[in-house]
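In: here is the input, now give the coordinates:
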Amino acid sequence: MDKCADWDEDPAVSVDGAAVIDGLSVYGLGIARAAQLVATGRNVAVLTYAMAPPGRIPPSDHHGRPGRDFSPRDDRDVRLFYRSLMRLEAVHEGVFFELAGRAFPGLCFADGLSFRRFDGGYAVRDRVIEHLAALDDGFAETFEAAKGSSAQISARLGIGVSIEGKTRGSPTLMRQRDASFRGYVFRCEWHTKLERHRNRIHFFPGDERTGGRILIGLFVRYLPT
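Out: Got it, this is the predicted structure:
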């Protein structure tokens, strides 16, 4: 908080305090200033007291111009904010991985992970965010509830999730599913499917070596089976 700048007495800033949030007219200098900034193309997070509505809210200023704002209240809201930021700011790949730990705290990422092996490269970013979010938010609980059933996990998470089948019979092919993290090698035989015929995210469900987090091991177009 000591890094925050005062703007309420800045002559370059003019805010009348009027804003419209979800169709409700409100008066608040902080909210109005946030709406003013997003109307100019800035992305803004608002730190508020507990009475503020959580999550994403679509503000507009008193001229009716739409904007986007975010009021994080708990850990989930913070995750949603960073996931939204990745899209809204169209962050480049390096920044994506810098933000990933905050956007997906239940995941960790293998050494050398890159979008380059996807068909389409970094252009599939938003789809990847969707899949990582589903894994972060619900894979562990869903895996236990579904007793490891790929079909049930896929249905509950809303994304295609599979574990290798006949490929397990080939040590050579299975080694292609290996990924390194903190000096360990993990076999990432689970994967999500960005599309039916291409682009896979291979992952390891996690253990004590990953701090209980899911390890995202490989971004690939497709691995031979």
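In: V26 and A34, how far apart?
Out: Going from V26 to A34 by C-beta to C-beta, to the nearest Å gives 12 Å. Heads up, the C-betas are built off the backbone N, CA and C, glycines and all.
In: out of these two, which sits in the more crowded spot?
Out: Using other C-beta atoms under 10 Å as the criterion, V26 and A34 rank with A34 on top: 26 against 14.
In: wouldn't that one be in contact with V44 here?
Out: Yes. Counting by C-beta atoms under 8 Å, A34 does reach V44; the two are 4.5 Å apart.
In: can you tell me which strand in this protein is longest?
Out: Ranked by residue count under DSSP state E, the longest strand found in the chain is strand 214-220.
In: and it, what does it pack onto?
Out: If you count contacts as 3 or more C-beta pairs under 8 Å, 6 or more residues apart in numbering; DSSP states H and E, strand 214-220 packs onto strand 107-109, helix 125-145, strand 178-181, strand 200-204.
In: name the residues of the helix or strand just after the third one that are buried.
Out: Put plainly, it is strand 178-181. Remark: after strand 178-181, the chain's next helix or strand is strand 184-187, criterion DSSP states H and E. Buried residues in strand 184-187, defined by neighbour count with 16 or more other C-beta atoms under 10 Å: F186.
In: same for strand 184-187, what does it pack against?
Out: Here strand 184-187 touches strand 178-181, going by 3+ C-beta pairs under 8 Å, 6+ apart.
In: low pLDDT regions in the protein?
Out: For the chain, applying pLDDT under 70 flags the ranges 1, 8, 21-22, 48-74.
In: now name the helix or strand holding the one residue sitting closest to the centre of it.
Out: Centroid check for the chain by C-alpha atoms, centre = their mean gives R83 as the closest residue, at 3.7 Å. Assigning secondary structure by DSSP H and E places R83 in helix 75-88.
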